[in-house]
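Participant: sequence first, then the predicted structure, then my questions.
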Amino acid sequence: MTLADRAIEHLKQWLASEEGYTYLNHFVRKNGAAPSFSSILSSVYHQQNHSRDQAEYQQEISHDFLVFLLETALPELHRHPTLVHGVLAGQIRSMLEFTWTRFCWRLQDRTRSKDANPWGYLYRRARETMKKSPQIATHRQTKNILLYCPVQHSTAAQTPAAMPADSYSDWPPPPRPGNEHPEEYLFTTGFLTQAALFFWQEAARRLQTRPLVPVRELVRYLATHHPWVNRPRQTDTPPPEDGTPDSAERPEERLDRLTSLRSISAMAARFVATLERENCAVLVATMEDPPLTYREIADQLGLPDHNRPYRIQQKNIRLMKKFCSCWPGPPLAELPEEIGLAFLEAVKMQAKKRLAARNLE
């Protein structure tokens, strides 16, 4: 029996006990009240049934989280050796926190479905399409604003467009592909690409420039000409009063950003826990401002030459890429740039804490 198998068996026995079940319910109740998760839970469970009482609401979340633990998290536990060792050492809470984040990300994906939230789903599909299309170049602005332009104009388009605050109802609609129903073509890669190019050309004609157009303005334009996309959706975060995304983030955008940022510290701590002390020291040294050279790091740490810290840092990079490829939620490359920067800063802080704690021993 492998260590992962032993950890899984231990968790199953613990969850089947009265102590484990009681702890799990308390864990769900406490974490479900956190601002970073309450909006996700409310949008899924309250949306399904508005008449339930609080006890029933909590019970259903606990049940679904338990099912997610048993059917999804435990079979994949072998991919996370740090969690395996933690469970065997009696540190079950770390495993629950990691799984809870994954569980909430899964729920958030559900709220973006075409049926539950067509605007959010269209926004997500538009972002994915713009970033992957060979015909389109994307640029990222602060506050998670993704901009785009045709790839042939990517060097000329430098200024974000000052898009109209009012409706796009007087703008021509995007060309319709054949006789298909809008719900069949609106979310497809082909239509979104052509609609984005058409919208950019119209914006360039009206603004007399080659602009960088916010992807969310493309979505607002499409929603204007497909009004069923704006179907109301229950959420704890109301849309801007003027109905436009210019003055504030849409609920989907804000939820993506806040949930990611609030999950970063825990993810960074789990990554640093996988590193050796020497790896932490090299990592911190390379992240100083300005960073130390590998020769300076070698002298500081008493290493034989500059090649040793270089090899250690290359290993750090490989380990970080592997860790970020299997953490809960979207891959790091698909998250806003500020999330990646926050993760690196949190990793640096956690590595410094670990080095300081070791020095006090």
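Facilitator: Done, it's in.

Participant: off-centre distance for the helix or strand hosting Ile8?
Facilitator: Here Ile8, judged by DSSP states H and E, is contained in helix 3-16. Computed by Cα atoms, centre = their mean, to the nearest Å, the separation of helix 3-16 from the middle of its chain amounts to 29 Å.

Participant: ditto for stretch 147-163
Facilitator: For stretch 147-163, the distance to the chain centre is 25 Å (Cα atoms, centre = their mean).

Participant: now the end-to-end length of that stretch.
Facilitator: Distance between the two ends of stretch 147-163: 12 Å, counting by Cα to Cα, to the nearest Å.

Participant: how about the CA coordinates for the helix holding Ile8, as PDB?
Facilitator: Provided in PDB are the C-alpha atoms of helix 3-16 (Å, rounded to 0.1, in the frame of the first residue of the first chain):
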ATOM      1  CA  LEU A   3       1.500   6.400   1.200                       C
ATOM      2  CA  ALA A   4      -1.300   8.000  -0.800                       C
ATOM      3  CA  ASP A   5      -3.400   4.800  -0.400                       C
ATOM      4  CA  ARG A   6      -2.800   4.900   3.400                       C
ATOM      5  CA  ALA A   7      -3.800   8.600   3.500                       C
ATOM      6  CA  ILE A   8      -7.000   8.000   1.500                       C
ATOM      7  CA  GLU A   9      -8.000   5.100   3.800                       C
ATOM      8  CA  HIS A  10      -7.300   7.200   6.800                       C
ATOM      9  CA  LEU A  11      -9.400  10.100   5.500                       C
ATOM     10  CA  LYS A  12     -12.300   7.800   4.600                       C
ATOM     11  CA  GLN A  13     -12.400   6.300   8.100                       C
ATOM     12  CA  TRP A  14     -12.200   9.800   9.600                       C
ATOM     13  CA  LEU A  15     -15.000  11.100   7.400                       C
ATOM     14  CA  ALA A  16     -17.200   8.100   8.300                       C
END
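
Participant: what helices or strands is that helix leaning on?
Facilitator: Here helix 3-16 touches helix 18-32, helix 81-88, helix 92-111, going by 3 or more Cβ pairs under 8 Å, 6 or more residues apart in numbering; DSSP states H and E. To be clear about C-beta, it is placed using only N, CA and C from the backbone, and glycine gets the same treatment.

Participant: make it 6 Å
Facilitator: helix 81-88 (3 or more Cβ pairs under 6 Å, 6 or more residues apart in numbering; DSSP states H and E).

Participant: now the helix it packs on against helix 3-16, angle please.
Facilitator: 50 degrees (axes from the mean of the first three to the mean of the last three Cα atoms, to 10 degrees).

Participant: can you list the weak-confidence ranges in the stretch 1-150 of the chain?
Facilitator: Within the stretch 1-150 of the chain, the ranges that satisfy pLDDT under 70 run 35-40, 43-53, 109-116, 141-144.

Participant: now with 50?
Facilitator: The stretch 1-150 of the chain contains residues with pLDDT under 50 at 47-51.

Participant: quick one: residues in contact with stretch 289-300.
Facilitator: Contact with stretch 289-300 is made by 285, 305-306, 309-310, as judged by Cβ atoms under 6 Å, 6 or more residues apart in numbering.

Participant: relative to helix 92-111, how tilted is the helix holding Ile8?
Facilitator: Following the same axes, to 10 degrees, one obtains 80 degrees for the angle between helix 3-16 and helix 92-111.

Participant: contact partners of helix 3-16?
Facilitator: 20, 74, 77-78, 84, 87-88.

Participant: run the last query once more with 8 Å
Facilitator: Outside helix 3-16, the residues within contact range by Cβ atoms under 8 Å, 6 or more residues apart in numbering are 1, 20-21, 24, 66, 69-70, 74, 77-78, 81, 83-85, 87-88, 92, 95.

Participant: check these for burial and list the buried ones.
Facilitator: 20, 24, 66, 69, 74, 77, 83-84, 87, 92, 95 (16 or more other Cβ atoms under 10 Å).
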